[in-house]
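Peer 1: give me coordinates for this.
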Amino acid sequence: MTPSTARYRFLLDKKLNLRHSPLKFRRGKTMWRLPSVILQWASVGGCFVLAAVLFGPGSRAQFYIGGEAGWTGLFDRTDTISGITSPIARFNGGFNTGVRGGFEWGPWRFEEEYSYRRNGARDLVGSNFTVNAAGGDRHSNSIMTNVLYDFTPGYPITPHVGFGVGAADVFDGLKLPGIGQVFNSNSWQFGYQGIAGIRYHLSDAFTLDLDYRYFATIGPKFSIPRTNLQYYTYYKTNNFVASVTYRFAPPSPTLVPVSTPAAPAPPP
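Peer 2: Sure, this is the predicted structure:
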């Protein structure tokens, strides 16, 4: 055991009282906020869909589905245990993957997206200690409602911008050498993301999107196993995502019968 690891273990034993604390698991308030988060997300998503339905009665929607994958970078975060310590958790580059589906309405796109992001832990840095070779990861499962706008300059490659809101389940699991599992908890939070990218039309049915996405949640709060302590942090990520979508054939336009006026009667 290295001196830095020994100091951190002493810190946990003395301040967190891991060995002697009774098994108390306090339910964090964030777990009880799940219904309200989902309700907020569903309400906002419903407004988006309603706006799409009311957008231009003469337009036709084109439905699509697709898959996505890419790289995720998780910002270094300070994990604050109130009144005890505030170490900085650092993470390796990770990955993201997901699926999405929606419809295009003119230059607008309205979609639902599920995505998974994962970053492995790298080290933990405190005011007087550094623990290298940390294990575990921090990952999230999110369900988002996205709105995107495609600019159409008349070229095969078109830029787009957008944003999304939804709910995310953030999981934090940290293992330290010589100590074992330190953090192992999850928390549902309100999530949001900004989107900017380009689209290339591979064919009439298939498109390729290359996006940058900034995805974050409001500050999650986690419980520390085998203690009655909690800590809070932030979840903010940079994401580079490639996605291929399949566009279904648009519905045929509705034909409105046109009545032909009767020919005037000949004069007597």
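Peer 1: only C-alpha atoms from now on, for both contacts and neighbour counts.
Peer 2: Fine.
Peer 1: now the phi/psi pair for V99, please.
Peer 2: V99 adopts backbone torsions of phi -140, psi 160, taken as degrees, to the nearest 10.
Peer 1: tell me, how many residues neighbour it?
Peer 2: Close neighbours of V99, defined as other CA atoms under 10 Å, add up to 17.
Peer 1: check contacts around it.
Peer 2: 65-68, 113-115 (CA atoms under 8 Å, 6 or more residues apart in numbering).
Peer 1: which helix or strand contains A89?
Peer 2: Per DSSP states H and E: A89 is located in strand 88-91.
Peer 1: average model confidence for that strand?
Peer 2: Strand 88-91 shows a mean pLDDT of 88.
Peer 1: in this structure, what secondary structure element scores lowest on mean pLDDT?
Peer 2: helix 29-32 (a mean of 39; mean pLDDT, DSSP states H and E).
Peer 1: give me the buried positions along stretch 233-247.
Peer 2: Using 16 or more other CA atoms under 10 Å as the test for burial, stretch 233-247 gives 233-247.
Peer 1: extract the CA atoms of that stretch and return them as PDB.
Peer 2: Provided in PDB are the C-alpha atoms of stretch 233-247 (Å, rounded to 0.1, in the frame of the first residue of the first chain):
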ATOM      1  CA  THR A 233     -21.400  16.600  -7.400                       C
ATOM      2  CA  TYR A 234     -22.200  17.700 -11.000                       C
ATOM      3  CA  TYR A 235     -22.600  15.600 -14.200                       C
ATOM      4  CA  LYS A 236     -21.400  17.500 -17.300                       C
ATOM      5  CA  THR A 237     -20.100  15.900 -20.500                       C
ATOM      6  CA  ASN A 238     -18.800  16.700 -23.900                       C
ATOM      7  CA  ASN A 239     -20.000  14.300 -26.600                       C
ATOM      8  CA  PHE A 240     -19.100  13.700 -30.200                       C
ATOM      9  CA  VAL A 241     -21.800  11.500 -31.800                       C
ATOM     10  CA  ALA A 242     -22.200   9.900 -35.200                       C
ATOM     11  CA  SER A 243     -25.700   8.600 -36.100                       C
ATOM     12  CA  VAL A 244     -27.300   6.900 -39.100                       C
ATOM     13  CA  THR A 245     -31.000   7.400 -39.500                       C
ATOM     14  CA  TYR A 246     -33.500   5.700 -41.800                       C
ATOM     15  CA  ARG A 247     -36.300   7.900 -43.100                       C
END
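Peer 1: who's in contact with it?
Peer 2: Residues contacting stretch 233-247 (CA under 8 Å, 6+ apart): 62-75, 77-80, 96, 170, 204-221.
Peer 1: can you do 6 Å?
Peer 2: 63-74, 79, 205-217, 219-220 (CA atoms under 6 Å, 6 or more residues apart in numbering).
Peer 1: any chance of the contacts of V99 in a markdown table with neighbour count, pLDDT and secondary structure as columns?
Peer 2: Listed next are these as a markdown table, based on neighbours: other CA atoms under 10 Å; pLDDT from 0 to 100; DSSP: H, G, I helix; E, B strand; the rest coil:
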| residue | neighbour count | pLDDT | secondary structure |
| --- | --- | --- | --- |
| I65 | 18 | 97 | strand |
| G66 | 18 | 97 | strand |
| G67 | 17 | 97 | strand |
| E68 | 20 | 98 | strand |
| E113 | 20 | 98 | strand |
| Y114 | 18 | 98 | strand |
| S115 | 18 | 97 | strand |
